[in-house]
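[1] Sharing a model that was predicted from the sequence below.
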Amino acid sequence: MMQPKEWTEEELIEMCARGNGKAQRALYERFYKKMYVVALRYSKTTFEAEDILQESFVKIFGAIGNFKGDSTLEYWVKRIVVNTALKQNRRLLDKMHMDDVDEVTEEPVSENLTDQSYDFKELLAIIQKLSPGYQAIFNLYAIEGYKHHEIAEMLGISEGTSKSQYARAKALIQKMLAKDESKVYEKQR
């Protein structure tokens, strides 16, 4: 029997589909760190992120036999993690009032939120301070690269709502970044 380090992606998928525990462990270890970061962006705490990740891998192992190779395995895994996070947050999203706006009037804000040098933990902490709706839409659009019409379909909202919520999330993030910068500036004085 081949050792996990020698398995190709195709062999790993096949072995996982057969329920091979070593292959499942190898797949988990291959993607855990990257997917944990994805889960953190959709959660408020590390506990929530771990819960999302655990549920995601249960789904991954249950569905891996259906993986057709239309995308990379990593993209497929990431999509399951994102969908799992959205599903877990759906009850919060459903309770939130989201304005349905057909035309968005966006305040002029910089597209590049990382003009300054912020470390990952600082940016993650700011994203995690957003309400679940803003957080989900910001992540889906700015980080995952979905279009507003795709986000609208995923979340059951209008495209205008996706655009307005993204604009508001971006403005809030910039406000929080500016506040953090002023605190650092005051400490240096």
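    Right, received. Where do you want to start? Numbers count the residues shown, from 1 in each chain.
[2] Can you give me the domain boundaries for this protein?
    Segmentation of the chain into domains, based on automatic domain parsing, reads 1-95, 98-189.
[3] Look up how far residue 173 lies from the most centrally placed residue in the chain.
    Against the mean C-alpha coordinate of the chain, by C-alpha atoms, centre = their mean, the closest residue is residue 38 at 4.2 Å. Distance, residue 38 to residue 173, by C-beta to C-beta, to the nearest Å: 18 Å. Backbone N, C-alpha and C define where each C-beta goes, glycine included.
[4] same deal with residue 152?
    21 Å.
[5] still on that earlier bit, ok, the closest residue to the residue nearest to the centre of the chain other than its chain neighbours - contacts?
    Nearest non-adjacent residue to residue 38, counting by C-beta to C-beta, 6 or more residues apart in numbering: residue 81, 5.0 Å away. Neighbouring residues of residue 81 by C-beta atoms under 8 Å, 6 or more residues apart in numbering: 35, 38-39, 52-53, 56.
[6] and residue 81, what element?
    helix 73-95 (DSSP states H and E).
[7] In the helix or strand residue 177 falls within, which residues are buried?
    Taking DSSP H and E as the definition, residue 177 sits inside helix 159-188. Applying a neighbour-count criterion of 16 or more other C-beta atoms under 10 Å, one finds 159-170, 172-174, 176-177 buried in helix 159-188.
[8] Now for the residue nearest to residue 31 when sequence neighbours are not counted, how many residues are close by?
    Spatially, and ignoring its direct neighbours in sequence, residue 31 is nearest to residue 77 (5.2 Å; C-beta to C-beta, 6+ apart). When neighbours are defined as other C-beta atoms under 10 Å, residue 77 has 24 of them.
[9] residue ranges with poor pLDDT in the protein?
    Per-residue confidence for the chain (pLDDT under 70) gives these ranges: 1-5, 91-118, 180-189.
[10] buried residues in the host helix or strand of residue 50?
    Assigned by DSSP H and E, residue 50 falls within helix 46-63. For helix 46-63, the neighbour count (16+ other C-beta under 10 Å) marks 48-49, 51-53, 55-57, 59-61 as buried.
[11] Of those residues, which is the nearest to residue 70?
    Residue 70 has its nearest neighbour among those in residue 60, at 15.8 Å by C-beta to C-beta.
[12] Which residues are in contact with the closest one?
    Applying C-beta under 8 Å, 6+ apart, the residues near residue 60 are 27, 77, 80.
[13] quick check, nearest of these to residue 65?
    For the contacts of residue 60, the nearest to residue 65 is residue 27 (12.8 Å; C-beta to C-beta).
[14] helix, strand or coil for the closest one?
    Per DSSP: H, G, I helix; E, B strand; the rest coil, the secondary structure class of residue 27 is helix.
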